[in-house]
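In: Okay, sequence plus prediction incoming.
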Amino acid sequence: MNSWIDALAELQHKGEPCVLVTIIEERGSTPRNAGSKMVVSQERLYDTIGGGHLEYKAQQIAREMLENRVRETRLERFSLGASLGQCCGGATVLLFEPMGQPQAHIAVFGAGHVGRALVPLLAALPCRVRWIDSRVAEFPTQVPQGVECLVNDEVVDEVANMPAGSYFIVMTHDHRLDLELTAAILARDDFTYFGLIGSKSKRAKFEHRLRDRGVRPEAVQRMRCPMGIAEVKGKLPVEIAVSIAGEIIATYNARFGEKIRDGEKPVPMLIPASRRS
């Protein structure tokens, strides 16, 4: 995959941030004409703006922008002379455009009826969804784009594989597995949202068992169980799924601009910038 446009499409599909570098002005002798582009990701370079030290400097700038999560565009002018290690003698102006907004990471544990109704709703949002179950036969043959299905006999191990600030939704077929997942998620204490499917009675039982395990009461209070928007009533899988998806979106938007514990990465939003005001 060498073409910048193919690379951009693939990186955006994977939710991987990158920087699009474009020559927007050329004066005198330059290695490539205005309009030439390349894409810089954290690991790779796609296409070219002419090679040499100019391209090396452009990569440096782009990767610094990725490292610092810069969202604003940037213009840089370069003289293609001895100071840059080039011999063209001309000058060029480069536009650096960060591409790929931060996305929420959502782990859905359980591929039962509600999971199959919920995941397509989440997949329609700007999220990266991991759908996890030990039963491969429970996953549908057609999975929405942007959803990663993970089959693992040790489902609880997948909790540790999610990044800080993730959203966790637990709705497996086994209450004992739900309890183990709950304990693992609460032990992390770096999540944005944790919802557990179940009734108030299930919550009371889990609170008692978690207390016996030494889980702090303030950690347990972060658990949403029952989860979902209370006003969206109904017992059909799709009704429950809509309620849960609504609560996820509400959590996103209520936390606009907040930082997660490391103080660096902003909590991403689901609604477009034009509507946030």
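Out: On my side now, so go ahead. Just so it is clear, the model here is predicted, and its values are computed rather than measured. Numbers count the residues shown, from 1 in each chain.

In: from here on, contacts and neighbour counts on C-alpha atoms
Out: OK.

In: Could I get the full set of strands for the stretch 51-200 of the chain?
Out: 74-79, 91-99, 104-109, 127-133, 147-151, 167-170, 193-196 (DSSP state E, counting those that start in this stretch).

In: ok, L236 - contacts?
Out: With contact set as CA atoms under 8 Å, 6 or more residues apart in numbering, L236 has no partners.

In: Next up, the contacts around P237.
Out: In this structure, P237 makes contact with 113-114, 117, judged by CA under 8 Å, 6+ apart.

In: Among those residues, which are located in helices?
Out: 113-114, 117 (DSSP state H).

In: Name the spans of the chain whose pLDDT lies under the cut-off.
Out: Along the chain, the parts satisfying pLDDT under 70 run over 1-2, 28-29, 31, 80-89, 101-102, 254-277.

In: for stretch 218-227, which positions count as buried?
Out: Across stretch 218-227, burial judged by 16 or more other CA atoms under 10 Å covers 220, 223-227.

In: Ends of it, what's the gap?
Out: Taking CA to CA, to the nearest Å, stretch 218-227 runs 18 Å from one end to the other.

In: Next: stretch 131-147.
Out: Between the opening and closing residues of stretch 131-147 there is a gap of 7 Å (CA to CA).

In: Contacts for it, please.
Out: For stretch 131-147, contacts defined as CA under 8 Å, 6+ apart pick out 13-14, 107-112, 116, 119-120, 123, 127-130, 148-155, 158, 172.

In: For it, list every residue counted as buried.
Out: 131-134, 139, 146-147.

In: Then stretch 168-186?
Out: Buried residues in stretch 168-186 (16+ other CA under 10 Å): 168-172, 177-179, 181-186.

In: how far out from the middle of the chain is it?
Out: Offset of stretch 168-186 from its chain centre (CA atoms, centre = their mean, to the nearest Å): 22 Å.
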